[in-house]
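Q: Everything below, folded, please.
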Amino acid sequence: MKRNSGPLVLTVGSLAYLVAVAQRSSMGAASLLAAERFQTNAEQLASLAVLQICVYAAMQIPVGFLLDRYGSRALLSFGALTMGAGQTLLALSSNLDQAIAGRVLVGLGDAFTFISLIRLINGWYQGRRVSQLQQWLSNVGQFGQVVSAVPFAAVLGLYGWQSAFLSAGAVSVIASILVVIVVRDDRISRTMTSKKLSLSDMRTQFIVNLRNPGTRFAFWVHFSTQSAATVFILLWGFPFLERAQGLERGLASSLISSMVFFGIGMGLFYGWFCGAHPRLRYHLVVTVALSIASIWLTVILWPGRAPLWLLVALVGVIGGGAPASMIAFDFSKHYTPIERLGSANGIVNIGGFAATAISMFLIGVSLDFIQVASSSSTALFDLGAFKMAMLFQVAIVLVGVWFLHREHRKLNAE
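A: Numbering: from 1, shown residues only. Okay, the predicted model is just below:
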């Protein structure tokens, strides 16, 4: 393979990310079946996804240090292999504890993937091209949601739990092999950091990154925009649309899949806008975040079930939040030298997934509490209960916007 084959390298890198997104979101398509298979309540069901996300978030900083030292190729391959092992364990699980262990492995492997792709892009390209590629390739990766919502869900319905998750695991192993064969870390050959970082060095570098106002600001950009789409895709979208809103499964799958296409369209716009008007990126992020809070409030306050056009608007707006979260990495690369970019992006990438974990858990606890507090006859995924629970998403976004505004003022003052 020639050293200048950047398009091929990034194609395989983005394929690995697509596969990771498919593994990450597969539980969303299987959430109702998982509730029946493991005889769980909403809080226990949420724990499947929340622990996965917590592991993902907790690993971002150590993965960032590993990325600065070993490069994208090693971490992408290891991540895909680990996710394959997790999906295989989940396929063979007969109780909730085994299922949780499988999802923890999926979260662990997933943690190695996205920031490795971002580092790969920065190793092969520079300037405005990086911003565009980050948007485009992250959008390609989001097609993994379509994989989990359509073909994976179809295999799940036709052939059952074990066949679906074993197939998903096999795809992840294949992605790992392709990464080893094709991916190279940088366009210009360079040696990754040869010095082994001690715990003291890591602590110092972490503090340097955390004191960087650009890193903190980017964290809250990611926190404010990413979680609504991820919560919907990873766990609560299918129950909300099928049980609470009464849609047929095929229509629910189509709506969730359409989030990808909304995201692609908005991602292309964001890429152009941020390149043409870099000073307005903050205002764009705030607009997107407030739009997410507003559309959720509209659906929640709508009397009874929402009409289809409003549900389409919902998935469109929250689907646009995912590519908006990529703007966080624009700020990060602007304020961070490339030798610290992996560890800095690890901090930034925690933002959206911390918000996701908090939201998913609070929604699950709320659904159980409302069911118990109302009456034993109230369905677990009752429309009224879901509306109350989804208020937590609005609160999380607004908290993120407040901190984002605060850090923006500090950034301008320094």
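
Q: Tell me which residues touch the nearest residue to residue 172 once chain neighbours are set aside, please.
A: Spatial nearest neighbour of residue 172, excluding adjacent residues (CB to CB, 6 or more residues apart in numbering): residue 84 at 3.7 Å. C-betas here are computed from N, CA, C, even on glycine. Applying CB atoms under 8 Å, 6 or more residues apart in numbering, we find residue 84 in contact with 109, 169-173, 176.

Q: Buried subset of these, written for PyMOL?
A: Per 16 or more other CB atoms under 10 Å, the buried members of these correspond to this PyMOL selection:
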select buried, resi 109+169+171+172+173+176
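
Q: which two from the contacts of residue 84 end up farthest apart in space?
A: 109 and 170 (14.2 Å; CB to CB).

Q: So the residue nearest to residue 235 when sequence neighbours are not counted: helix, strand or coil?
A: Nearest residue to residue 235 in three dimensions, chain neighbours excluded: residue 49, at 4.3 Å (CB to CB, 6+ apart). Recorded secondary structure, residue 49: helix (DSSP: H, G, I helix; E, B strand; the rest coil).

Q: circling back: of the contacts of residue 84, closest to residue 328?
A: After measuring the contacts of residue 84 against residue 328 - CB to CB - the closest member comes out as residue 109, at 22.2 Å.

Q: Helix or strand: which one has that closest one?
A: helix 96-111 (DSSP states H and E).

Q: Pull out the buried positions in that helix.
A: For helix 96-111, using 16+ other CB under 10 Å, the buried residues are 96, 99-100, 102-111.

Q: go on, stretch 390-405?
A: Result for stretch 390-405 [16+ other CB under 10 Å]: buried residues 390, 392-394, 396-397, 400-401, 403-404.

Q: residue ranges with poor pLDDT in the stretch 101-250 of the chain?
A: The stretch 101-250 of the chain contains residues with pLDDT under 70 at 127, 187-199, 201-202.

Q: Which stretches in it count as helices?
A: In the stretch 101-250 of the chain, the helices defined using DSSP state H, counting those that start in this stretch lie at 114-124, 128-141, 143-149, 151-159, 161-182, 199-211, 213-231, 237-239, 249-276.

Q: would TSV of those helices with distance to residue 317 be doable?
A: Converted to TSV, those look like this (distance: least, CB to CB, whole Å):
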stretch	distance to residue 317
helix 114-124	23
helix 128-141	16
helix 143-149	16
helix 151-159	23
helix 161-182	29
helix 199-211	32
helix 213-231	8
helix 237-239	14
helix 249-276	8
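
Q: Could you work out the end-to-end span of stretch 26-46 for me?
A: With CA to CA, to the nearest Å applied, stretch 26-46 spans 14 Å between its terminal residues.

Q: what about it, distance to the chain center?
A: 19 Å (CA atoms, centre = their mean, to the nearest Å).

Q: continuing past the longest helix seen in the chain, what's the next helix or strand?
A: Counting by DSSP state H, the longest helix found in the chain is helix 341-374. The helix or strand immediately downstream of helix 341-374 is helix 383-413, counting by DSSP H and E.

Q: Measure how that next one sits relative to helix 341-374, angle-wise.
A: Going by axes from the mean of the first three to the mean of the last three CA atoms, to 10 degrees, helix 383-413 is angled at 150 degrees with respect to helix 341-374.

Q: In terms of secondary structure, what does helix 383-413 contact?
A: Other elements packing on helix 383-413 under the criterion 3 or more CB pairs under 8 Å, 6 or more residues apart in numbering; DSSP states H and E are helix 213-231, helix 281-301, helix 341-374.

Q: Tell me how far it lies from the chain's centre.
A: Counting by CA atoms, centre = their mean, helix 383-413 comes out at 17 Å from the chain centroid.

Q: With stretch 263-274 instead?
A: 18 Å.

Q: Next: stretch 73-83.
A: Distance, centroid of stretch 73-83 to centroid of chain: 17 Å (CA atoms, centre = their mean).

Q: now swap in stretch 282-295 and tell me
A: So, by CA atoms, centre = their mean, the centroid of stretch 282-295 is 18 Å from its chain's centroid.

Q: same thing with stretch 275-284?
A: 23 Å.

Q: Show the average pLDDT along it.
A: Averaged across stretch 275-284, the pLDDT comes to 87.

Q: so who does the residue nearest to residue 235 touch?
A: Counted by CB under 8 Å, 6+ apart, residue 49 has contacts 27-28, 103, 234-235, 360.

Q: So which of those residues is the closest to residue 260?
A: residue 28 (13.1 Å).

Q: Many thanks, have a good one.
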